[in-house]
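Q: quick one, what's the 3D model for this:
(2 chains)
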2 protein chains.
Amino acid sequence: MKILITSGGTSEKIDQVRSITNHASGNLGKIIAELFLQKGHQVTLVTTKSAVKPQAQAGLDINIVTDVASLAETLEPLVKTHQVLFHSMAVSDYTPVYMTDLAELQASDDVSQFFSKKNSEAKISSAADNQVLFLKKTPKIISLVKQWNPAIRLIGFKLLVQVPKEELFAVARTSLKNNQAELIVANDLADIHDQQHLAYLVDGSSQELAKTKTEIAQKIYERVTKDD
Amino acid sequence: MKILITSGGTSEKIDQVRSITNHASGNLGKIIAELFLQKGHQVTLVTTKSAVKPQAQAGLDINIVTDVASLAETLEPLVKTHQVLFHSMAVSDYTPVYMTDLAELQASDDVSQFFSKKNSEAKISSAADNQVLFLKKTPKIISLVKQWNPAIRLIGFKLLVQVPKEELFAVARTSLKNNQAELIVANDLADIHDQQHLAYLVDGSSQELAKTKTEIAQKIYERVTKDD
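A: Prediction:
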């Protein structure tokens, strides 16, 4: 099969020296990629410069992206030519629009105006004691996947932080339905430590627990290839 | 000599999954560290997880920090026990205080109140179309160095973006004076490319140009060791 995997986390620039980053090591994506490669599948990995990656090898193609815009541009043609997408990348929800100091905010009658402003300076001054950063929502990449290729099989990933399991499963099922995924790997940051990585493979009717990154990869592999 | 070097860039958390990062590869600090190690000096490197680092070796001690608070805590005792500090780390100017959506901002009569608020959630919801992030200035680490140890020799680094050279030199000389540094390495992001890294060694009376990272390290080494 031709397998497409996203991993790592995107960064959205505030200016030329600062950005907002979504933390993600790329480890889980790397382990999934290595398992499919070992089993003889073709793997295309879309990831970030700082993410950990498998060693260069036959059957593996790596594409480096930075922000959500570059992810969308790189992913669209790849989604159209692959059979399965594992979308494990931590994608930025918001991107900076404008940054200003408190004085400019206080002087404004209509704060919504700041969402149509842009900083002209390449590095925003650090003179003021306070800053206010206005951010807007990025396009939801996972919701575009089936528009780009209705036939692709989609496995999504959902990371929440310190929520009850019922909430985690409910959020995963909403994503499953909204994005026409066949599986959502749902996990909670509080359950991820050095050697342990609890995750639930959530489909329409069940949630299967895996306890390490290797076990997550193995269980996903079995699900995706069981009808081959 | 006992040499202390900072490199890489700090990150300030917005919540458990997002942070504001200052971009810095750690390359220049690595090259400076390697040169002093090669010449037989003791080097302590204070850097970040993602920064490039010299190979582990005799004479080299590495400390990992994350944000400005952890940098200050790690650096203070080290500044007191070293003779020279090369402070090449890109340190965050601002740290997040509170993030909210546009509706909460619009409903407020006094926007300064947001600087005394805190987010209670571990991962801020991405439901709203817009967000507003309030940030406050971090302590200026470079200004604390001589308070911690008046005898340490301080070499600072200043990165600006697309400014006239006169402005770059003026900003460097202000930092030289305010922080009682003996030298500021001043550079402009627009002059830094793959193989080229233009930087000016700015002291009270002159600015000496170096054209690559290796040349910057060599020239700094000569200056710092010339009276030994």
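
Q: report the contact partners of A:Lys123.
A: Taking CB atoms under 8 Å, 6 or more residues apart in numbering or on different chains, we find A:Lys123 in contact with A:15-17, B:159-161, B:189. Bear in mind the C-beta positions are built from the backbone N, C-alpha and C, glycine included.

Q: pipe the residues you listed into JSON lines and attach secondary structure and neighbour count per row.
A: Converted to JSON lines, the contacts of A:Lys123 look like this (DSSP: H, G, I helix; E, B strand; the rest coil; neighbours: other CB atoms under 10 Å in any protein chain shown):
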{"residue": "A:Asp15", "secondary structure": "coil", "neighbour count": "15"}
{"residue": "A:Gln16", "secondary structure": "coil", "neighbour count": "17"}
{"residue": "A:Val17", "secondary structure": "coil", "neighbour count": "20"}
{"residue": "B:Leu159", "secondary structure": "strand", "neighbour count": "20"}
{"residue": "B:Leu160", "secondary structure": "strand", "neighbour count": "19"}
{"residue": "B:Val161", "secondary structure": "coil", "neighbour count": "16"}
{"residue": "B:Leu189", "secondary structure": "helix", "neighbour count": "16"}
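
Q: pLDDT and distance to A:Thr47 added to the residues you listed, as TSV?
A: TSV is the format used below for the contacts of A:Lys123 (pLDDT from 0 to 100; distance: CB to CB, whole Å):
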residue	pLDDT	distance to A:Thr47
A:Asp15	92	24
A:Gln16	90	23
A:Val17	91	23
B:Leu159	94	27
B:Leu160	93	31
B:Val161	92	27
B:Leu189	93	25
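
Q: of those residues, just say which sits nearest to B:Asn130.
A: Nearest to B:Asn130 among the contacts of A:Lys123: A:Asp15, at 19.2 Å, using CB to CB.

Q: tell me which element the closest residue to A:Gln218 other than its chain neighbours falls in.
A: Leaving aside its sequence neighbours, A:Gln218 sits nearest to A:Leu35 (CB to CB, 6 or more residues apart in numbering or on different chains; 6.9 Å). Here A:Leu35 sits within helix A:27-38, counting by DSSP states H and E.

Q: and that helix, what's buried?
A: Under the neighbour-count criterion of 16 or more other CB atoms under 10 Å in any protein chain shown, helix A:27-38 has A:27-37 buried.

Q: quick one: the residue nearest to A:Gln218 from chain B, how far?
A: 25 Å (CB to the nearest CB, to the nearest Å).

Q: so which elements touch the worst-scoring helix or strand of chain A on mean pLDDT?
A: Every helix and strand of chain A was ranked by mean pLDDT, DSSP states H and E. The lowest is helix A:102-106, at a mean of 91. Helix A:102-106 is packed against strand A:130-137, with contacts defined by 3 or more CB pairs under 8 Å, 6 or more residues apart in numbering or on different chains; DSSP states H and E.

Q: and the strand it packs on with strand B:130-137, angle?
A: Computed with axes from the mean of the first three to the mean of the last three CA atoms, to 10 degrees, the direction of strand A:130-137 lies at 160 degrees from that of strand B:130-137.

Q: other SSEs contacting the next helix or strand after strand A:130-137?
A: Next helix or strand after strand A:130-137 toward the C-terminus (DSSP H and E): helix A:145-148. Packing contacts for helix A:145-148, counted by 3+ CB pairs under 8 Å, 6+ apart, involve helix A:68-79.

Q: give me the neighbour count for A:Ala172.
A: Neighbour count for A:Ala172, taken as other CB atoms under 10 Å in any protein chain shown: 25.

Q: quick one: A:Ile124 from chain B, how far?
A: Going from A:Ile124 to chain B by CB to the nearest CB gives 9 Å.

Q: which residues does that residue contact?
A: With CB under 8 Å, 6+ apart, A:Ile124 has these contacts: A:14-15, A:18, A:99, A:131.

Q: look up how far B:Gly26 lies from the residue lying closest to A:Pro96 once chain neighbours are set aside.
A: Closest residue to A:Pro96 apart from its sequence neighbours, by CB to CB, 6+ apart: A:Ile14 at 4.6 Å. Distance, A:Ile14 to B:Gly26, using CB to CB, to the nearest Å: 20 Å.

Q: do A:Leu144 as well
A: A:Leu144 is 35 Å from B:Gly26, where distance means CB to CB.

Q: between these two, point out the one with more neighbours.
A: B:Gly26 (24 against 15).

Q: pLDDT score for the more buried one?
A: On pLDDT, B:Gly26 comes in at 95.

Q: could you do A:Asp228 as well?
A: 68.

Q: any idea how far chain B is from the closest residue to A:Val52 other than its chain neighbours?
A: Spatial nearest neighbour of A:Val52, chain neighbours left out: A:Gly26 (4.6 Å); criterion: CB to CB, 6+ apart. As judged by CB to the nearest CB, A:Gly26 and chain B stand 12 Å apart.

Q: partner residues bridging the nearest residue to A:Arg223 once chain neighbours are set aside?
A: Ranked by CB to CB, 6+ apart and with sequence neighbours excluded, the top spatial neighbour of A:Arg223 is A:Leu183, at 6.3 Å. Taking DSSP bridges, one obtains A:Ile155 as the residues bridged to A:Leu183.

Q: buried ones among the contacts of A:Ile124?
A: Counted by 16+ other CB under 10 Å, the contacts of A:Ile124 give A:14, A:18, A:99, A:131 as buried.

Q: and the last one, what pLDDT?
A: Residue-level confidence at A:Gln131 comes out at 95, pLDDT.

Q: please compute how far stretch A:75-95 lies from its chain's middle.
A: 8 Å (CA atoms, centre = their mean, to the nearest Å).

Q: what about that stretch and chain B, touching?
A: Yes. Under the criterion of CB under 8 Å from any CB of the partner chain, stretch A:75-95 makes contact with chain B via A:90, A:92-94.
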